[in-house]
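S.K.: Fold the stuff below for me.
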Amino acid sequence: MSPHSVTQAIEQADRLINARQFDPLMDFYTDDATLVLRPGLSVCGKAQIRRAFDAIDLYFHGCLQVRQAAMEVLEAGDTALVLARTLVAGETEEGPQVQARKATYVFRREADGQWRCAVDNSYGSDLLDGAPTGSRTRGMTA
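M.R.: Model (predicted):
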C-alpha cells in the first residue's frame with residue numbers, strides 16, 4: 001500500500017524545514033493556516049508563519065531537525081486529521097534539545113487537488129495543559 005499523499009506532504013515539509021528552505025515550505029500551508037509556536041502562542045497566515053520560521057531557526061541556532069516517527073491520517077472528504085509522533089531536535093541556549101511530541105495537524109484538499117496544512121499543532125492535546133482556556137495569540141510577540 002502506498003503512503004497517503006498527506007503523509008508524503010508532511011515528509012516533504014520536514015525535509016524543507018531541516019534544510020532551512022522556508023520560502024518553498026510556505027506552499028505546504030493554506031493561505032489562512034495557523035501554526036502553534038508554543039502553548040498560548042500561535043500565528044496565522046503565510047506571512048506570519050514565514051516570519052515565525054525565521055524566529056524558530058534562530059532559537060535552534062540553525063540546526064532544527066524534525067521528523068515523524070509515526071502518523072495516522074483520518075480523512076473525511078476534503079479534510080484530513082493527522083495524528084503524529086513528531087520528533088524535534090536542535091541546539092538552544094540551554095544546550096541540545098530532543099522532544100517527542102504527539103502532534104495534531106489538519107489538512108484541506110484545495111481546488112488544485114493538493115493537500116495543504118490548515119492547522120500545524122506539534123503540541124497536540126498538550127495545549128490543554130499549557131495555556132488558559134480560550135487564550136490564543138494571533139500575532140507573534142518578541
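S.K.: Hmm, L41 and G130 touching each other?
M.R.: No: in this structure, G130 is not within contact of L41 by C-beta atoms under 8 Å, at 9.8 Å. In this view, the C-beta of every residue, glycine as well, is placed from N, C-alpha and C.
S.K.: So for the two, which sits in the more crowded spot?
M.R.: L41 (18 against 12; other C-beta atoms under 10 Å).
S.K.: Dump the C-alpha coordinates for the helix or strand of the chain with the lowest mean pLDDT into CSV.
M.R.: The helix or strand with the lowest mean pLDDT-type score in the chain, counting by mean pLDDT, DSSP states H and E, is helix 127-130 (a mean of 84). Provided in CSV are the C-alpha atoms of helix 127-130 (Å, rounded to 0.1, in the frame of the first residue of the first chain):
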residue,chain,number,x,y,z
LEU,A,127,-2.0,22.6,24.6
LEU,A,128,-4.8,21.9,27.1
ASP,A,129,-2.1,21.7,29.8
GLY,A,130,-0.1,24.8,28.8
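S.K.: buried stuff in that helix?
M.R.: Neighbour-count burial for helix 127-130, counted by 16 or more other C-beta atoms under 10 Å, picks out L127.
S.K.: hmm, who's touching it?
M.R.: For helix 127-130, the surrounding residues in contact (C-beta atoms under 8 Å, 6 or more residues apart in numbering) are V36, R38, P39, G40, N121, Y123.
S.K.: quick one, phi psi at the third one?
M.R.: Note on P39: backbone dihedrals following degrees, to the nearest 10 are phi -50, psi 130.
S.K.: okay but it is in contact with Y123, surely?
M.R.: Yes: judged on C-beta under 8 Å, P39 makes contact with Y123 at a distance of 6.0 Å.
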